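> give me a 3D structure for the following:
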Amino acid sequence: MQDEVLLLGPWLAPLADQLAPEINVHRYWDSPDPAALLRRLAPRLRALATDAFTGASAELMTALPRLELIANFGVGYDTIDLACA
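Okay, the predicted model is just below:
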């Protein structure tokens, strides 16, 4: 099975294009039903990419029980719920 990553914001679109040949990229911001996307990915998704503006909430992380990696592009990480992580 190909590795997967959930990209949270559109600023990562150029990165998505570079990763796509090697990794199954899911574009959270572009999903017509983000909650359904999370439910579909929950059993297997291990990585997400975010930025200092978007962050990663406890609600999002809790919806992804196999999450192992949060890649944060930018300065600071105060928008990531560290207690949950």
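
> output the lowest mean pLDDT helix or strand found in the protein.
helix 13-19 (a mean of 81; mean pLDDT, DSSP states H and E).

> list the buried ones in whichever helix or strand comes after it?
Next helix or strand after helix 13-19 toward the C-terminus (DSSP states H and E): strand 24-27. Residues of strand 24-27 classed as buried: V25, H26, R27 (neighbour count, 16 or more other Cβ atoms under 10 Å). The C-beta positions use only the backbone N, C-alpha and C, and glycine is treated the same way.

> which one of the residues you listed is nearest to S57?
H26 (17.0 Å; Cβ to Cβ).

> now do the contacts for the closest residue to the closest one other than its chain neighbours.
Distance criterion Cβ to Cβ, 6 or more residues apart in numbering; nearest residue to H26, sequence neighbours excluded, is L6 at 4.8 Å. Applying Cβ atoms under 8 Å, 6 or more residues apart in numbering, we find L6 in contact with H26, Y28, L37, L41, L45, A47, L48, A49, L64.

> the fourth one contacts E4, correct?
Yes: counting by Cβ atoms under 8 Å, E4 is a contact partner of L41 at 7.1 Å.

> more neighbours: the two, which one.
Neighbour count, other Cβ atoms under 10 Å: between L41 and E4, L41 has more, with 20 against 15.

> list the contacts for the more buried one?
Going by Cβ under 8 Å, 6+ apart, the list of residues near L41 reads E4, L6, H26, L64.

> measure it to V5 for me?
As judged by Cβ to Cβ, to the nearest Å, L41 and V5 stand 10 Å apart.

> need the overlap of contacts for the two.
In contact with both L41 and V5: H26, using Cβ under 8 Å, 6+ apart.

> burial check on T54, number of neighbours?
Neighbour number of T54 under other Cβ under 10 Å is 22.

> reformat the contacts of L41 as JSON lines; add distance to D17.
Below are the contacts of L41 laid out as JSON lines (distance: Cβ to Cβ, whole Å):
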{"residue": "E4", "distance to D17": "16"}
{"residue": "L6", "distance to D17": "16"}
{"residue": "H26", "distance to D17": "14"}
{"residue": "L64", "distance to D17": "23"}
